[in-house]
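Peer 1: Here is the input, now give the coordinates:
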Amino acid sequence: MILATTPERYCLYDSDELDTIIAAMAHNVSARLPVHECMLVGILRRGEPLARMLRQHLAALTGQDGPPLHALKVKRYADDLSLLHAGTALTENPELATMDLASMHLLVVDDVLYEGHSLLRTCAYLASLGARQIHTAVLVDRCVQKQPIRADIVGISLQVAPGDIVECHVPPYEPDFRIELVRHGQAR
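Peer 2: Model (predicted):
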């Protein structure tokens, strides 16, 4: 008899641990980029609130307002990693198209770098608008990119089984800020 078990959930990082990680990412950003010439681009959904958190830490570090933040909707996978769009869907942001992106350091922020489609599509879009200096930051890098892209700033590197899912729970989309590993049961 073959039985499939239900998925098991493990909390890998809680809110306090993640706040420390975001603070470390902000230190990394401030060491690598001129924050006063920087603009954050948060990938919706969870990359945008992460960019807001990063912005708050950057403001605390510099004693000035954090860099401007703009959101960009990019979608390829559902949260369970089922494919939603064969070609990564990006909704253009008309506000970004009116800016002089060539004179800024752009920092694209996302929650999980999995195969790299969303980050690559976002960077290509920003380059098409004239951006010359595009950097990337992710809270979690799964270390399995299939596209020619990498994250410049990484909060956590996780190597998990291909069938497992790394879930970032980020307010306001979830009540608690945490990272969970969803391990699917195997047939026996």
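Peer 1: and the longest helix that the chain contains, how far out from the chain's middle?
Peer 2: Looking only at the chain and at elements set by DSSP state H, the helix with the highest residue count is helix 15-32. Taking CA atoms, centre = their mean, to the nearest Å, one finds the center of helix 15-32 at 13 Å from the center of the full chain.
Peer 1: Same check on stretch 122-140?
Peer 2: Between the mean C-alpha point of stretch 122-140 and the mean C-alpha point of its chain there is a distance of 12 Å (CA atoms, centre = their mean).
Peer 1: Now it - C-alpha only, PDB.
Peer 2: Backbone C-alpha positions of stretch 122-140 (Å, rounded to 0.1, in the frame of the first residue of the first chain) are rendered in PDB as follows:
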ATOM      1  CA  THR A 122      12.600  43.000 -13.600                       C
ATOM      2  CA  CYS A 123      16.200  43.900 -14.300                       C
ATOM      3  CA  ALA A 124      15.600  43.700 -18.100                       C
ATOM      4  CA  TYR A 125      12.600  46.000 -17.800                       C
ATOM      5  CA  LEU A 126      14.500  48.600 -15.700                       C
ATOM      6  CA  ALA A 127      17.400  48.500 -18.200                       C
ATOM      7  CA  SER A 128      14.900  49.100 -21.000                       C
ATOM      8  CA  LEU A 129      13.900  52.300 -19.100                       C
ATOM      9  CA  GLY A 130      17.500  53.400 -19.100                       C
ATOM     10  CA  ALA A 131      18.800  52.100 -15.700                       C
ATOM     11  CA  ARG A 132      22.500  51.500 -15.700                       C
ATOM     12  CA  GLN A 133      23.200  50.400 -12.200                       C
ATOM     13  CA  ILE A 134      20.800  47.700 -11.100                       C
ATOM     14  CA  HIS A 135      21.500  45.700  -7.900                       C
ATOM     15  CA  THR A 136      19.400  42.900  -6.400                       C
ATOM     16  CA  ALA A 137      18.600  41.900  -2.800                       C
ATOM     17  CA  VAL A 138      16.600  38.900  -1.700                       C
ATOM     18  CA  LEU A 139      15.700  37.700   1.800                       C
ATOM     19  CA  VAL A 140      16.200  34.100   0.800                       C
END
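Peer 1: Backbone dihedrals for the nearest residue to Ala102 once chain neighbours are set aside, both of them.
Peer 2: Excluding its sequence neighbours, the residue lying closest to Ala102 (CB to CB, 6 or more residues apart in numbering) is Gly130, at 4.7 Å. All C-beta spots, glycine's among them, are computed from the backbone N, C-alpha and C. When read as degrees, to the nearest 10, the backbone of Gly130 gives phi 110, psi 0.
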